[in-house]
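[1] Kindly return the folded structure for what I paste below:
(one chain, ligands or ions: 2)
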Amino acid sequence: MADDLKEGLEGVLVAESSLSYIDGEEGRLVYRGYGIEDLAREASYEEVLYLLWHGELPTREELETFDEEMSAERTVDAEVLDTVEALAAADAEPMAALRTAVSQLSSTDPAGPTDPEDHEATLEKSRRITAKVPTIVAAFARYREGDEPVEPREELSHAENFLYMLNDEEPDETAAETFDAALVLHADHGLNASTFSAMVTASTLSDVHSAVTSAIGTLKGGLHGGANQNVMEMLKEVDDSDKDPVKWAKDALDEGRRVAGFGHRVYDVKDPRAFILGEFSESLAEEAGDMKWYDYSIAIEEFMQEEKGIPPNVDFYSATTYYQMDIPIDLFTPIFALSRVGGWTAHVAEQYDGNRIMRPRARYVGPEDREFVPLDER
Ligand SMILES: CC(=O)SCCNC(=O)CCNC(=O)[C@H](O)C(C)(C)COP(=O)(O)OP(=O)(O)OC[C@H]1O[C@@H](n2cnc3c(N)ncnc32)[C@H](O)[C@@H]1OP(=O)(O)O
Ligand SMILES: O=C([O-])CC(=O)C(=O)O
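    Ligands and ions are numbered 1, 2, ... in the order given. This is a model prediction of the structure:
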């Protein structure tokens, strides 16, 4: 066995996947051969889900059937909603509430435990979970405001339904299109930490709900999906400080802080998703006639590039995009989850199809050959 240590598993290949390809030097992201720019511009989140789960973009007829199947699964059982209500009343973090609710969904899943070798059963479960995540996140957000959840509507898309259930108001075209494209952009990204976490869980032949629950817990952290919330909190801190954003960022670096939304394990250049989300952020700012958040972001991006050579990642501009859509800041990471659940489950299905348990090793550096001392003599 090779004993070279790969801290953070950097550069370690653990699987073959036909889901997404990332060229970190060129800044390119591709889902099953399709460039992310084309998908964000031309395809709906539902088409991308279909692509990830079935390998091909759907025909119009296949998409209609798929939309109906998704619509039929959006409602969440009362017992899960009761849990969501209790967690909202207890002031739980939204990601913690989502993690618990998705875990509980397994007890209400009509199929019960299924065989990991049954590819269709895995995809059906994946569809049921993915359809329900927006309903859970929106219900949580409403309960904590003292409002009742809003029922999903059959004729609305995945993106429209989330915004409708959140605000009890149909989104306008710009909001619906922007949000849908943001979901497309977040749907998959190779073996990022949360996807890998789902795969590790699936590799023990545990179930899809357990894998997604693991992934939600992993996405929550500030080095991964939690960074989008941290970006907006940072920009608000900049604003409150009355400092110039560049001075603020310089001071933060001098204090040894990391600037949220910058750096990436795979990209050496600007994340291709950040270009598109940056455009969304800019046009929402122009529409609102208030460029403040966008201008702060641009100033920090230029500074980080010049000072450290570190470009922004996906979380940097999703933050101001969602903020300018009046979405509460602590829902940014759950929104990441409600898109990425498509990728997580596609990787889980891939893992089941060619499974071997994930089991790396650590180099032991602890003490050796110690003599046992009985409890009374210690
Ligand atoms: C959806 C996503 O998950 S995208 C990533 C979201 N996370 C963030 O935005 C949090 C901020 N970024 C980071 O902490 C890191 O860049 C990560 C976690 C994304 C990647 O981590 P790694 O690949 O392990 O890179 P690592 O932590 O070794 O950083 C390499 C160097 O760049 C520096 N660096 C990396 N990111 C940042 C940052 N955001 N701010 C300041 N310095 C940074 C590190 O200090 C380190 O410098 P050093 O070699 O002088 O010590
Ligand atoms: O790939 C990663 O490490 C993080 C990331 O950008 C993502 O999950 O979208």
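
[2] Please look at Ile216 and Thr100 and confirm they touch.
    No: taking contacts as Cβ atoms under 8 Å, Ile216 lies outside contact range of Thr100: 9.3 Å. Every residue, glycine included, has its C-beta placed from N, CA and C.

[3] ok, those two, which is more surrounded?
    Ile216 (28 against 19; other Cβ atoms under 10 Å).

[4] Now the phi/psi pair for the single nearest residue of the chain relative to ligand 1, please.
    At 2.2 Å from ligand 1, Gly263 is the closest residue in the chain, using Cβ to the nearest ligand atom. Main-chain torsions, Gly263, degrees, to the nearest 10: phi 90, psi 150.

[5] Equivalent analysis for Ala362, please.
    Main-chain dihedrals, Ala362, degrees, to the nearest 10: phi -110, psi 150.

[6] What score does it have for pLDDT?
    If you check Ala362, the pLDDT there is 95.

[7] Also Asp242?
    86.

[8] now do Met1
    In this model, Met1 carries a pLDDT of 53.

[9] Assumed Leu29 was part of a strand.
    Yes: Leu29 sits within a strand when classified using DSSP: H, G, I helix; E, B strand; the rest coil.

[10] Check the gap between it and ligand 2 for me.
    Applying Cβ to the nearest ligand atom, to the nearest Å, the value for Leu29 to ligand 2 is 9 Å.

[11] returning to that earlier point: quick check, the residue of the chain closest to ligand 1 in contact with Val314.
    No: taking contacts as Cβ under 8 Å, Gly263 lies outside contact range of Val314: 11.6 Å.

[12] related to what we said a few turns ago, please identify which helix or strand holds the nearest residue to the residue of the chain closest to ligand 1 once chain neighbours are set aside.
    Take Gly263 and drop its neighbours on the chain: the residue closest to it by Cβ to Cβ, 6 or more residues apart in numbering is Ile310, 5.1 Å away. Secondary structure assignment for Ile310, by DSSP states H and E: no helix or strand.

[13] Tell me where this protein has strands.
    For the chain, applying DSSP state E gives strands covering 20-23, 28-31, 34-35.

[14] Kindly compare burial across those strands and name the winner.
    strand 28-31 (a mean of 21; mean count of other Cβ atoms under 10 Å).

[15] mean confidence for that one?
    pLDDT averaged over strand 28-31 gives 98.

[16] Any stretches of the chain with poor pLDDT?
    Residue ranges of the chain with pLDDT under 70: 1-2.

[17] Which positions in it make contact with ligand 2?
    Neighbours of ligand 2 within the chain, by Cβ under 6 Å from any ligand atom: His189, Gly190, Asn192, Arg265, Val266, Asn313, Val314.

[18] just these that are near ligand 1?
    Checking the residues of the chain next to ligand 2 against ligand 1 by Cβ under 6 Å from any ligand atom, the ones in range are Asn192, Arg265, Asn313, Val314.

[19] and the residues you listed, which of them are in helices?
    Judged by DSSP state H, helices contain the following of those: Val314.

[20] who wins for most neighbours among the residues of the chain next to ligand 2?
    Neighbour counts for those peak at Val314, which has 25 neighbours (criterion: other Cβ under 10 Å).

[21] per-domain residue ranges of the protein.
    36-172+188-222+339-353, 227-323 (automatic domain parsing).

[22] Make JSON lines from the ones you listed and add distance to Asp3 to it.
    Output for the domains of the chain, formatted as JSON lines (distance: least, Cβ to Cβ, whole Å):
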{"stretch": "domain 36-172+188-222+339-353", "distance to Asp3": "22"}
{"stretch": "domain 227-323", "distance to Asp3": "23"}
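
[23] Ok, which of those domains comes nearest Leu13?
    Across the domains of the chain, Leu13 has its closest neighbour in domain 36-172+188-222+339-353 (9.1 Å, Cβ to Cβ).
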